[in-house]
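Asker: here's a sequence, model it:
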Amino acid sequence: MIEPFRERFGSAEGLRVFRAPGRTNLIGEHTDYNMGFVLPVALDLATYVAAAPSRDGKLRIYSEHRAEAMEWDIDAVAALTPQHHWSDYPLGVAHELIAAGFALHPANLMIRSTVPEGSGLSSSAALEVSSALAFLNGRTLEPLELAKLCQRAERNFVGMPCGIMDQYISVFGREHSAVEIDCRSLGHRLVSLPAEITFVAVNTMVKHALAGSAYKDRVQECAAAVKGVQTQFPEAQSLRDVTPEQFEQVAPTLHELIARRGRHVVTETARVGRFVDASSRGDLSGMGALMVQSHRSLQHDYEVSCAELDFLVDAALKLEGVFGSRMTGGGFGGCTVTMLRPDAVAAFSRDIAQAYQQQFAVIPAIYPCKPSDGAAEVKNFETIPAAQ
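Answerer: Next up, the predicted model:
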């Protein structure tokens with residue numbers, strides 16, 4: 001990134017590069033903002049931010065992918081308001097750093113990313129975390145505080161009431177492992193995955209307009225479900241505190257839609273634990289079945305799937321070597337994640353792309369889900385991918 005950075009800004013003196021990965025969530029969807037459990041992996045798809053001091057009191061941010069540059073006086077950044085623009089993500093992080101007591105220094109930043117936008121692979125968290133490291137530029141912030149700060153940026157400045165999963169896994173990802181996150185305690189444990197499987201993400205290449213508004217609706221619907229549950233189980237502070245058996249006692253007293261929303265979250269939280277147990281036993285068919293159950297729950301009870309996602313899951317389950325498949329991410333487009341034998345990946349990729357193209361006249365992008373390490377400064381510039 002050195003030469004394009006120099007061409008853009010005139011100097012690369014003091015250049016440092018920071019990387020933060022995207023993620024795919026193996027199971028545990030829409031449980032994070034309900035204080036439940038999730039099981040994501042960090043990906044080798046990542047966002048890179050090259051940063052160097054500027055000498056004229058300016059903050060400049062250039063996105064290679066969009067070929068778009070933004071510029072502000074450094075003293076004006078604290079007063080900026082959201083513009084519903086991609087720059088809201090790094091600016092939201094800047095605001096939170098200022099609020100946390102960090103001085104924001106004049107800088108030139110260049111963004112390069114291999115995380116596809118709108119794919120459900122968390123390009124936004126990858127941008128937030130890599131931007132935070134670039135603004136800090138070597139100053140230290142505890143990893144958990146970094147994840148929480150970036151979550152606040154998305155909630156407070158961007159306006160998305162997200163849980164902490166995406167920012168957390170971008171910080172705490174570990175090569176060769178999934179990470180089970182307790183979204184209440186914010187603790188985690190590493191989960192080894194059986195060697196006989198791999199995961200592949202398939203991108204529908206669509207993102208339906210419902211995604212943003214429906215996410216906020218689901219947050220409110222889950223809050224309504226908690227209030228209903230508390231009439232019989234007052235100790236429940238969130239849906240995470242409710243067993244599936246307890247929920248079914250309460251469900252007849254709830255509005256039918258609220259009951260379905262709550263049922264998904266309660267059963268999905270339970271599925272995370274069962275998936276981890278099945279993984280420890282090497283129960284591949286059990287893991288796959290839980291993924292399919294998760295998708296059906298998201299499809300019918302939580303209603304965040306779409307025709308493209310459902311088609312990809314149904315088509316995947318018919319292919320050789322596949323154990324399970326489900327949508328991953330917020331929904332209404334984005335990606336599925338499929339668990340399969342490593343020797344089946346080539347044929348799966350060919351056949352699923354052909355089937356999807358025949359159905360929707362769109363060629364899906366396909367990504368291997370290789371668990372990778374979390375965010376850090378890049379020491380070896382040769383590992384940075386070429387511009388897309």
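Asker: distance check, residue 111 against residue 265.
Answerer: Taking CB to CB, to the nearest Å as the criterion, residue 111 is separated from residue 265 by 34 Å. No exception for glycine: its C-beta is placed from N, CA and C like everyone else's.
Asker: show me which of these two is the more surrounded one.
Answerer: Applying other CB atoms under 10 Å to residue 111 and residue 265 shows that residue 265 carries more neighbours, namely 30 against 25.
Asker: which non-adjacent residue is nearest residue 324?
Answerer: When the adjacent residues along the chain are set aside, residue 324 lies closest to residue 288, with 2.9 Å between them (CB to CB, 6 or more residues apart in numbering).
Asker: which element is that neighbour on?
Answerer: If you go by DSSP states H and E, residue 288 is part of helix 284-300.
Asker: for that helix, packing partners?
Answerer: Contact here means 3 or more CB pairs under 8 Å, 6 or more residues apart in numbering; DSSP states H and E; on that basis helix 284-300 packs against strand 16-27, helix 256-281, helix 307-316, strand 322-328, strand 333-340.
Asker: burial of residue 174, as a residue count?
Answerer: By the measure other CB under 10 Å, the count of residues near residue 174 is 17.
Asker: swap in the one 10 residues further on?
Answerer: A count of nearby residues for residue 184, using other CB under 10 Å, gives 15.
Asker: next, the spatially most central residue of the chain: phi, psi?
Answerer: In the chain, the centroid-proximal residue (CA atoms, centre = their mean) is residue 122; its distance is 3.4 Å. Per-residue torsions, residue 122: phi 70, psi 50 (degrees, to the nearest 10).
Asker: tell me if I'm right that residue 290 and residue 275 touch.
Answerer: Yes - with the criterion set as CB atoms under 8 Å, residue 290 and residue 275 qualify as a contacting pair; they are 4.8 Å apart.
Asker: which neighbours do the two have in common?
Answerer: In the contact map built from CB atoms under 8 Å, 6 or more residues apart in numbering, the residues linked to both residue 290 and residue 275 are residue 27.
Asker: with just CA atoms, put the helix holding residue 288 into PDB.
Answerer: Taking Å, rounded to 0.1, in the frame of the first residue of the first chain, the C-alpha atoms of helix 284-300 are listed here in PDB:
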ATOM      1  CA  LEU A 284     -20.700 -33.900  12.200                       C
ATOM      2  CA  SER A 285     -24.300 -34.800  11.300                       C
ATOM      3  CA  GLY A 286     -25.500 -33.300  14.600                       C
ATOM      4  CA  MET A 287     -23.700 -30.100  13.900                       C
ATOM      5  CA  GLY A 288     -25.200 -29.900  10.400                       C
ATOM      6  CA  ALA A 289     -28.700 -30.600  11.600                       C
ATOM      7  CA  LEU A 290     -28.400 -27.700  14.200                       C
ATOM      8  CA  MET A 291     -27.400 -25.400  11.400                       C
ATOM      9  CA  VAL A 292     -30.500 -26.300   9.400                       C
ATOM     10  CA  GLN A 293     -32.700 -25.900  12.400                       C
ATOM     11  CA  SER A 294     -31.200 -22.500  12.900                       C
ATOM     12  CA  HIS A 295     -32.000 -21.500   9.400                       C
ATOM     13  CA  ARG A 296     -35.600 -22.700   9.500                       C
ATOM     14  CA  SER A 297     -36.100 -20.800  12.700                       C
ATOM     15  CA  LEU A 298     -34.700 -17.600  11.100                       C
ATOM     16  CA  GLN A 299     -36.800 -18.200   8.100                       C
ATOM     17  CA  HIS A 300     -40.200 -18.900   9.800                       C
END
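Asker: show me which residues of it are buried.
Answerer: Along helix 284-300, the positions that meet the burial threshold by neighbour count (16 or more other CB atoms under 10 Å) are 284, 286-295, 297-299.
Asker: and it with strand 16-27, angle?
Answerer: Interaxial angle of helix 284-300 relative to strand 16-27 (axes from the mean of the first three to the mean of the last three CA atoms, to 10 degrees): 90 degrees.
Asker: for this protein, what's the longest strand?
Answerer: Once the chain is assigned using DSSP state E, the strand that runs over the most residues is strand 37-53.
Asker: just give the strands next to it in its sheet, each with its orientation.
Answerer: Strand 37-53 pairs in its sheet with strand 16-27 (antiparallel), strand 107-113 (antiparallel), strand 177-182 (antiparallel), by DSSP bridges.
Asker: beyond the shortest one, next helix or strand please.
Answerer: So that's strand 177-182. The helix or strand immediately downstream of strand 177-182 is strand 188-192, counting by DSSP H and E.
Asker: just how off-centre is the following helix or strand past that next one within its chain?
Answerer: Towards the C-terminus, the helix or strand next in line after strand 188-192, according to DSSP H and E, is strand 198-207. Distance of strand 198-207 from the chain centroid (CA atoms, centre = their mean, to the nearest Å) equals 13 Å.
Asker: what of stretch 144-156?
Answerer: Distance of stretch 144-156 from the chain centroid (CA atoms, centre = their mean) equals 13 Å.
Asker: need the contact partners of that stretch.
Answerer: Residues from elsewhere that reach stretch 144-156, judged by CB under 8 Å, 6+ apart: 89, 92-93, 95-97, 100, 124-125, 128-129, 132-133, 141, 160-164, 167-168, 170-172, 186, 375.
Asker: in helices only, show me those.
Answerer: Secondary structure assignment (DSSP state H) places 89, 92-93, 95-97, 124-125, 128-129, 132-133, 167-168, 170-172 from these within helices.
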